[in-house]
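Q: Give me coordinates for this.
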Amino acid sequence: MYGKTGGCDAGRMAEFTGKTVLITGGGSGMGLATAQRLLDAEARVVLAGRGEDRLEAAAKDLDAGDRVLAVPTDVARAGDLDRLFSRIQERFGGLDGVFANAGIAGFARSGDVTEEDFDTIVGTNFKGVYFTVQKSLPILRDGGSVVVNGSWLTHRGLAFTSVYAASKAAVVNLARTLAPDLGTRGIRVNAISPGYIVTEMFEAISTTEEAQEECRGHVALGRLGMAADIADAAYFLLSSRASYITGQELVVDGGLTTSVPL
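A: Prediction:
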């Protein structure tokens, strides 16, 4: 086997040397797992998220010194995004990749959704993603990569999810429409749509073992996904190995949306 000091693994570990990637929603879950994956490949990583304490703890746990920059950011606020990109330019000079991962969940019957609910969910999940990408463009280098985070719920209707699912469908479509827009600069734009992934958000919704077991029962592979499963997908799409892939949606769901388990 090849070890971390030579052979194939050494080549993979150096894949992001000198490159800088922004991860929104980077303080936990899929964002934090992706940060670890990229740091293992010698990247510099910017973590953005609303919780300052959580970001500081994440940066400490990653233990990568000055290769990590943590910037408290609410992606739904234009001023926060402006400060974020100013900090990135000041520290690293520019970006090579963006994982627009920040998102919030909100579930209710359609008749019970308030205007405030709508604005909060869409403000983070769609508006936040859109302007994260837009405001990154002045410092995102030509040939870079953008990955946005969608959801399996864009493929199957589920009660209580009308606003959340619609916001994620907008994000997936955004990847398709931004691909030709940014393709003139060689910037690739793709979406990842996770299935049931065990994160703090998932556990806050599926609060009992019975509820989690019910979710698992719908997955063809017979297991719930882990944050590392999404991190591997994001890593691939951000890397040069995906250099001829753009405008695509990669569904990482264990067969949830396409197969019926026995």
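Q: now residue 242: how far from residue 185?
A: Note on residue 242: its distance to residue 185, by Cβ to Cβ, to the nearest Å, is 16 Å. Any C-beta I mention is one placed from the backbone N, CA and C, and that applies to glycine too.
Q: Please identify which of those two sits among more neighbours.
A: residue 242 (18 against 13; other Cβ atoms under 10 Å).
Q: Can you list the neighbours in contact with the helix or strand where residue 61 lies?
A: Element membership for residue 61, per DSSP states H and E: helix 52-62. Residues from elsewhere that reach helix 52-62 (Cβ atoms under 8 Å, 6 or more residues apart in numbering): 26-28, 32, 35-36, 39, 45, 47-49, 68, 70-72.
Q: do the same with stretch 241-257
A: Identification of contacts with stretch 241-257 by Cβ under 8 Å, 6+ apart yields 145, 150, 152, 155-156, 172, 175-176, 179-180, 183, 188-196, 218-225, 229-230, 233, 236-237, 258, 261.
Q: Any quick PyMOL command for the buried ones out of the residues you listed?
A: Buried members of these, identified by 16 or more other Cβ atoms under 10 Å, are gathered into one PyMOL selection as follows:
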select buried, resi 145+150+152+155+172+175+179+188+189+190+191+192+193+194+195+196+218+219+220+224+225+229+230+233+236+237
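Q: So which of the contacts of stretch 241-257 belong to helices?
A: 172, 175-176, 179-180, 183, 229-230, 233, 236-237 (DSSP state H).
Q: Show me which pair in those is furthest apart.
A: Using Cβ to Cβ, the ones in helices among the contacts of stretch 241-257 span at most 29.0 Å, a distance reached by 180 and 229.
Q: returning to that earlier point: turn the ones in helices among the contacts of stretch 241-257 into CSV, including distance to residue 19 and pLDDT.
A: Listed next are those as CSV, based on distance: Cβ to Cβ, whole Å; pLDDT from 0 to 100:
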residue, distance to residue 19, pLDDT
172, 25, 98
175, 21, 98
176, 25, 98
179, 21, 98
180, 24, 98
183, 20, 98
229, 22, 98
230, 19, 98
233, 18, 98
236, 14, 98
237, 14, 98
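Q: Adding distance to residue 84, write those out as CSV.
A: Shown next, in CSV, are the ones in helices among the contacts of stretch 241-257 (distance: Cβ to Cβ, whole Å):
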residue, distance to residue 84
172, 24
175, 21
176, 25
179, 24
180, 26
183, 25
229, 27
230, 22
233, 24
236, 25
237, 21
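Q: other SSEs contacting the longest strand seen in the chain?
A: In the chain, taking DSSP state E as the definition, the longest strand is strand 140-149. Helices and strands touching strand 140-149, by 3 or more Cβ pairs under 8 Å, 6 or more residues apart in numbering; DSSP states H and E, are strand 95-100, helix 128-136, helix 162-183, strand 188-194, helix 227-238.
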